[in-house]
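Participant: Predicted model and sequence below, questions to follow.
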Amino acid sequence: MLLKSFFYTKNFYFLKGYLKETVDENYYKNYKKHSYLTFKFISKKYPFTKIGNLSNYYTGIVYFKLGKYKKSIKYLKKFKTNSKTIFSIKYSIIADSYFKLKKYNKAIKYYLLSSSKKNFYSTLFYYRLAFIFLFKKDYKNSYKYLLKIKKLQQKKGYYHVIDNKKLKKYLTLTKIKNYYYLQ
């Protein structure tokens, strides 16, 4: 029943874009009237089950998409995984949430965590780090992560996040800015 309800919610609400229905705040009062359980309800009612854990992940994603970044962070931090890719995506969404909340140092911390396990998306996380550092006028670190992107994009098995022409421009820009900024 629980698994069936979870997949019903995922397939008929989440995947079709009815995000509010998957984390409905008023659901607890009337949950017996519904034919499905929300992700939020499952994660609270069954926190120590695999489906409860997975519900934390989906609840965090939904809250991120709804612009409720603090709630997104709360639920994503509860989610546990052994997958390197999902681990990286989880921490990247947490970092994106902190960035939206203008907590740039925390965003950097979580982007670093998301890029700590090399996978297909590592270049994307380095790209985000490079631009946060560029935004903070830390050109040295921005240059460092742009170089990492350049090296990984030359290898097979990594996401091609930026074309080489633009990457070369950004590398030149950060190198020049770093030179003038240090003087």
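Facilitator: Perfect, thanks for sending it.

Participant: use CA for all of it now, contacts and neighbours both
Facilitator: OK.

Participant: now the chain, which segments are flagged as low pLDDT?
Facilitator: Within the chain, the ranges that satisfy pLDDT under 70 run 1-2, 4-5, 7-13, 15-16, 18, 24-36, 179-183.

Participant: Mind doing that once more with 90?
Facilitator: 1-48, 51-52, 58, 84-85, 115-123, 134-137, 152-183 (pLDDT under 90).

Participant: So which residues of it form helices?
Facilitator: Here the chain has its helices, by DSSP state H, at 2-9, 19-22, 27-30, 39-45, 50-65, 69-78, 84-100, 104-114, 122-135, 139-153, 164-182.

Participant: Same list (these) but as TSV, adding mean neighbour count.
Facilitator: TSV is the format used below for the helices of the chain (neighbours: other C-alpha atoms under 10 Å):
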stretch	mean neighbour count
helix 2-9	16
helix 19-22	20
helix 27-30	11
helix 39-45	21
helix 50-65	23
helix 69-78	20
helix 84-100	21
helix 104-114	21
helix 122-135	22
helix 139-153	20
helix 164-182	14
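
Participant: how near is the residue nearest in space to the middle of the chain to Lys68?
Facilitator: Centroid-nearest residue in the chain: Ile93, 1.7 Å away (criterion: C-alpha atoms, centre = their mean). Separation of Ile93 from Lys68 (C-alpha to C-alpha, to the nearest Å): 12 Å.

Participant: Tyr58 too?
Facilitator: 13 Å.

Participant: hey, what's in contact with both of those two?
Facilitator: Listed as contacting both Tyr58 and Lys68 by C-alpha atoms under 8 Å, 6 or more residues apart in numbering is no residue at all.

Participant: List the residues that contact the nearest residue to Asp96 once chain neighbours are set aside.
Facilitator: Nearest residue to Asp96, sequence neighbours excluded (C-alpha to C-alpha, 6 or more residues apart in numbering): Ala107, at 6.6 Å. Contact analysis of Ala107 by C-alpha under 8 Å, 6+ apart lists Ile94, Ala95, Asp96, Ser97, Tyr98, Phe99.

Participant: Please repeat the previous calculation with a cut-off of 10 Å.
Facilitator: By C-alpha atoms under 10 Å, 6 or more residues apart in numbering, the residues touching Ala107 are 91-101, 113, 128-129, 132.

Participant: Residues that sit against both of Ile93 and Lys68, list them.
Facilitator: Gly60, Ile61.

Participant: Tyr69 and Leu101 touch, don't they?
Facilitator: Yes. Tyr69 lies in contact with Leu101 (C-alpha atoms under 10 Å); the separation is 7.2 Å.
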